[in-house]
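Peer 1: Starting from these lines, generate the structure:
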Amino acid sequence: MQQKILNDRYELEQKIGEGGMARVYRGRDLRLNRQVAIKVLHNHFASDTNFLQRFHHEAQAAANLRHPNIVDVYDVGQDGDTHYIVMEYVAGSDLKALLMRSGALPIEQAVYVGECVANGLEAAHRIGMVHRDIKPQNIIVGEQGQVKITDFGIAKSSLSTALTETGVTFGTADYISPEQARGQPATPRSDLYSLGVTMYETLTNRLPFTGDSSIAVAMQHVSAEPPPPRMYNPRIPPQLESLVLRALSKDPDGRPTTARDFARQLGSYRDIGDQATVVGPIGPRPIPSPNPRPAQPAPRPVSSSPTSPRPVLPPARAQAPPDNRGMGFGGFLLGLLLLGGVLGLVFLALSGAFNDLFNFATGAPRPPATAVADQPTELPTSMPQFQVPSLTNLTRQQAFELIQAANLTPHEDAARYSDVISIGQVIDQFPLAATTVMQTTVVTFAVSLGPNLADVPNVQRMLAQDAQNLLTSLGFQSQVQEEASTLSEGFVTRQAPVGVKLRKGQTVTIWVSIGDKVTMPDVTGKTLDEAKQLIVNAGLAVPYADIQNCDKLGASICAQFAPGHVVSSEPRGNDRVARGTAVTVGVRAP
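Peer 2: Here you go, the predicted structure:
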């Protein structure tokens, strides 16, 4: 369990956050009587000497940063094996939580957040510090609308000590720059890329790149072009979209030159005038509070030019006076007679009245009046029919050949996964086998891709919740078991299986650390010397023996245990307790 007061000065009041590196507590500086945020490193980092040296060095460098858009670092310290950072406490919420709760921010508020972060980054870059982990989770939005960057120093250390084989740190791939994804050093322009991704998400409530794993996302940052943010939010002005996409350039030289340059561009955006995508004039509005109150009715919009005249409709087109010149009544009557004549000719033609005239001219005999009615119409002979063959267990080539041999037309549909049909064999067909069809019928079939397998990721040393979320996103089930470990409580110590492919839906077992705990042996009935040896061997402190007479134990206990033997223990047998815990054993008096 985490101790409550560090170095007799910093009291831990309530845990307010946790990540792969540390737990964050709201606390109090007892000496200065002020509220602070205290970041406590997880225990298993205490054994990494190189990491701790970089951590303290960079945290101390971060303590020299003083800027309205950066969370102040007050102190860096160590109490035993506990390493911690004391920071300014900002009542509010991180930007990620705000986006999850409220969706994309209004455009002018998103621009304000981006400008504040860029200004804070400029202050850091001026003293040679690169944040390396800019993301909404590391941007605090205060209840009064203030915007502050946090986690300077820690981000740099974590990326330098927790890299995967490809140089990608799990959890930051959504915002990582292409050069960091390639394993190259981060530069100030890397921070601007991450800020561009953050602004993209702030404006659209979407990430530019997503995938089944952090590796897949990182590779998209390296090679794929982001969808234009206006695709998801058409209200984004084109000029603002251009600023965001410039920050997302794969080539660092294509991004803004400095954070100050980017801040100025975002600031000058407010001066951009009439744009087709802007419905009304944009003015500064406060960022929504992380603890929102019920929304008040918005005021009715007022025209920006109240004295401007109403638009004047164009006059109606003048109609020309009717032209009375024409053929008059006689012309009208002539046209009516012509129309009647045409209709009469059509009627005679349809009734067959012209047949006699044709036969007279050609000399052909006139057929009997009942020829059409009395002679039956000859129907065409029936089309040849064929039987659809069975394609079960056939390969693609065999299916094509068999369908063509049956004088039918084959068509292959998209392949599909199957847990029962071997890869490359026909999984289904239409029409079904033995169906009688005409020769023009197309027989459609699909072949199996085999079982839907996916690589099982390595989730060891990850927070259990993150590990379960990753496994679920890849289609696996997860089963959790607990065990004692030197890893901090809540981290995955091992897993089974790992490094193989499994069918989606199958279960991966993960073992989660309960901390450095041991099992108290059951020493009841042992002699005092035997009990001491068992307790020490289990990793616990030498027990204190509480000698008890029969008048205290009672007749039944005295009858059950011989003098000098253990009758009870605290902790009790099989309890899991922290290594080194003090033990008390009750012993019947000699």
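Peer 1: Check which residues of the one helix or strand Y112 maps to are buried.
Peer 2: Element membership for Y112 (DSSP states H and E) is helix 107-126. By neighbour count on 16 or more other Cβ atoms under 10 Å, the buried set for helix 107-126 is 107, 109-125. Glycine gets a C-beta too; all of them are placed from N, C-alpha and C.
Peer 1: Packing partners of the following helix or strand past that helix?
Peer 2: Counting by DSSP H and E, the element after helix 107-126 in chain order, helix or strand, is strand 139-142. Judged by 3 or more Cβ pairs under 8 Å, 6 or more residues apart in numbering; DSSP states H and E, the packing partners of strand 139-142 are strand 92-94, helix 95-102, helix 107-126, strand 147-149.
Peer 1: follow-up on the earlier one: tell me the angle the helix holding Y112 makes with helix 95-102.
Peer 2: Per axes from the mean of the first three to the mean of the last three Cα atoms, to 10 degrees, the angle that helix 107-126 makes with helix 95-102 is 170 degrees.
Peer 1: tell me the average confidence for helix 107-126?
Peer 2: Helix 107-126 comes out with an average pLDDT of 95.
Peer 1: Export the helices and strands packed on strand 139-142 as a markdown table, with columns for distance to P185.
Peer 2: What follows is the helices and strands packed on strand 139-142, written out as a markdown table (distance: least, Cβ to Cβ, whole Å):
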| stretch | distance to P185 |
| --- | --- |
| strand 92-94 | 27 |
| helix 95-102 | 26 |
| helix 107-126 | 14 |
| strand 147-149 | 20 |
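Peer 1: what's the closest of those to L248?
Peer 2: helix 107-126 (12.7 Å; Cβ to Cβ).
Peer 1: Could you check how far the closest one is from the centre of its chain?
Peer 2: 24 Å (Cα atoms, centre = their mean, to the nearest Å).
Peer 1: So which elements touch it?
Peer 2: On a contact count with 3+ Cβ pairs under 8 Å, 6+ apart, helix 107-126 meets strand 139-142, strand 147-149, helix 188-204, helix 259-269.
Peer 1: Give me whichever of these is most buried.
Peer 2: helix 188-204 (a mean of 26; mean count of other Cβ atoms under 10 Å).
Peer 1: can you give me the offset of that helix from its chain's centre?
Peer 2: Relative to where its chain is centred, helix 188-204 has its mean C-alpha point 16 Å off (Cα atoms, centre = their mean).
Peer 1: With just CA atoms, put that helix into PDB.
Peer 2: What follows is helix 188-204 as a C-alpha-only set of coordinates in PDB (Å, rounded to 0.1, in the frame of the first residue of the first chain):
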ATOM      1  CA  PRO A 188      10.900  20.500 -31.700                       C
ATOM      2  CA  ARG A 189       9.000  19.900 -35.000                       C
ATOM      3  CA  SER A 190       8.100  16.400 -33.700                       C
ATOM      4  CA  ASP A 191       6.100  18.100 -31.000                       C
ATOM      5  CA  LEU A 192       4.400  20.200 -33.600                       C
ATOM      6  CA  TYR A 193       3.300  17.100 -35.500                       C
ATOM      7  CA  SER A 194       1.800  15.700 -32.300                       C
ATOM      8  CA  LEU A 195       0.100  19.000 -31.700                       C
ATOM      9  CA  GLY A 196      -1.300  18.800 -35.300                       C
ATOM     10  CA  VAL A 197      -2.800  15.400 -34.500                       C
ATOM     11  CA  THR A 198      -4.200  16.800 -31.300                       C
ATOM     12  CA  MET A 199      -5.800  19.700 -33.100                       C
ATOM     13  CA  TYR A 200      -7.200  17.300 -35.800                       C
ATOM     14  CA  GLU A 201      -8.900  15.300 -33.000                       C
ATOM     15  CA  THR A 202     -10.100  18.400 -31.200                       C
ATOM     16  CA  LEU A 203     -11.800  19.700 -34.400                       C
ATOM     17  CA  THR A 204     -13.300  16.400 -35.500                       C
END
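Peer 1: No more questions from me, cheers.
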